[in-house]
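*Asks:* heads up, no residue letters with this:
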């Protein structure tokens, strides 16, 4: 994918950019693999807003992506590279010999007509092939990595990302994630060879608020601009500091710079923190 910069004919177009979509070969989603996306506006079943700044946006279809690829040792042919409005990465449409179709995240370098395979055993080391980490050569880039064998890929699925396989030792494989964190994953977990495609996604400049509204994001109001009844930062005459020891959320909890990552049991598998890895 390329990036095309708009001519500055208006203030909103100045310095904004857009995808060229020159890598897309099929512009309509596969009907059997697309379902309508129900929009909630960030509200739960009681109608209360639980996720702020969500609403509106263009109508979307959810593409049903196969993150497991459990049809082992059956070659599939790549017939199309498609756009997915719900993610930055591209999708590859796979067709098996019995004409069954699946979507997968398209890695960088995957082309129309390529044949790829998923297996629980050692297979050819080729971009798009999926196999357990214990059979992948050290140093290769992988993506769509499982946490638990057979559960489907959870790690490294964003556009342009990739994890490097550092070593396979004992029961675990060591991976350097895009954040710089080094984490152990069971060596039986499957991963797809290659880096996720569409690396230029991160360079898009949206340019104006209207384009962000089309993505389903509503405006964000600063706490300092509110009244004291609406936010802990609110109130005062003119431009004032927040007047607190540290920033807070609208509900009075510490914000900005506060650790929000939950301490889970799997934290023992982290060998190097993402902060030290940078």
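*Replies:* Okay, I see it. Quick caveat: nothing in here was measured; it's all calculated off a predicted structure.
*Asks:* now the strands for the stretch 101-250 of the chain?
*Replies:* 101-105, 115-116, 130-132, 141-143, 145-146, 153-155, 163-169, 172-176, 182-186, 190-193 (DSSP state E, counting those that start in this stretch).
*Asks:* and residue 221, which of those strands is closest to it?
*Replies:* strand 153-155 (33.7 Å; C-beta to C-beta). Every residue, glycine included, has its C-beta placed from N, CA and C.
*Asks:* List the buried residues of the closest one.
*Replies:* 153, 155 (16 or more other C-beta atoms under 10 Å).
*Asks:* hey, which of the strands of the stretch 101-250 of the chain is tucked in deepest?
*Replies:* Most buried of those, by mean neighbour count (mean count of other C-beta atoms under 10 Å): strand 190-193, with a mean of 26.
*Asks:* So which other helices or strands are in contact with that strand?
*Replies:* Packing partners of strand 190-193 (3 or more C-beta pairs under 8 Å, 6 or more residues apart in numbering; DSSP states H and E): strand 130-132, strand 141-143, strand 145-146, strand 153-155.
*Asks:* Adjacent strands (with direction) for that strand?
*Replies:* Here strand 190-193 has these sheet partners by DSSP bridges: strand 130-132 (antiparallel), strand 141-143 (antiparallel).
*Asks:* Need those in JSON lines (columns: distance to residue 274).
*Replies:* As requested, these are exported to JSON lines (distance: least, C-beta to C-beta, whole Å):
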{"stretch": "strand 130-132", "distance to residue 274": "25"}
{"stretch": "strand 141-143", "distance to residue 274": "17"}
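*Asks:* could the helices and strands packed on strand 190-193 go into TSV alongside mean pLDDT and distance to residue 267?
*Replies:* Output for these, formatted as TSV (pLDDT from 0 to 100; distance: least, C-beta to C-beta, whole Å):
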stretch	mean pLDDT	distance to residue 267
strand 130-132	96	23
strand 141-143	97	22
strand 145-146	96	17
strand 153-155	95	15
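*Asks:* what about those strands, which gets the closest to residue 9?
*Replies:* strand 141-143 (38.7 Å).
*Asks:* what's in contact with that closest one?
*Replies:* 105, 107, 133, 136, 153, 155-157, 161-165, 175, 191-196 (C-beta atoms under 8 Å, 6 or more residues apart in numbering).
*Asks:* just stretch 34-53 next, same as before
*Replies:* So stretch 34-53 is contacted by 54-57, 59-64, 86, 216-220 (C-beta under 8 Å, 6+ apart).
*Asks:* Kindly report which residue of this structure is located farthest from the centre.
*Replies:* residue 237 (42.2 Å; C-alpha atoms, centre = their mean).
*Asks:* and that residue, what pLDDT?
*Replies:* According to the prediction, residue 237 has pLDDT 89.
*Asks:* One more: residue 30?
*Replies:* 95.
*Asks:* Compute the number of surrounding residues for it.
*Replies:* 19 (other C-beta atoms under 10 Å).
*Asks:* what does residue 95 give?
*Replies:* 15.
*Asks:* Quick check: the nearest residue to residue 266 once chain neighbours are set aside vs residue 102, distance?
*Replies:* The shortest distance from residue 266 to any non-neighbouring residue, by C-beta to C-beta, 6 or more residues apart in numbering, is to residue 147 (7.4 Å). Residue 147 is 21 Å from residue 102, where distance means C-beta to C-beta, to the nearest Å.
*Asks:* Low-confidence stretches in this protein?
*Replies:* Under the criterion pLDDT under 70, the flagged ranges of the chain are 276-278.
*Asks:* Residue nearest the middle of it, spatially speaking?
*Replies:* So for the chain, C-alpha atoms, centre = their mean, it's residue 158, sitting 3.2 Å from the centre.
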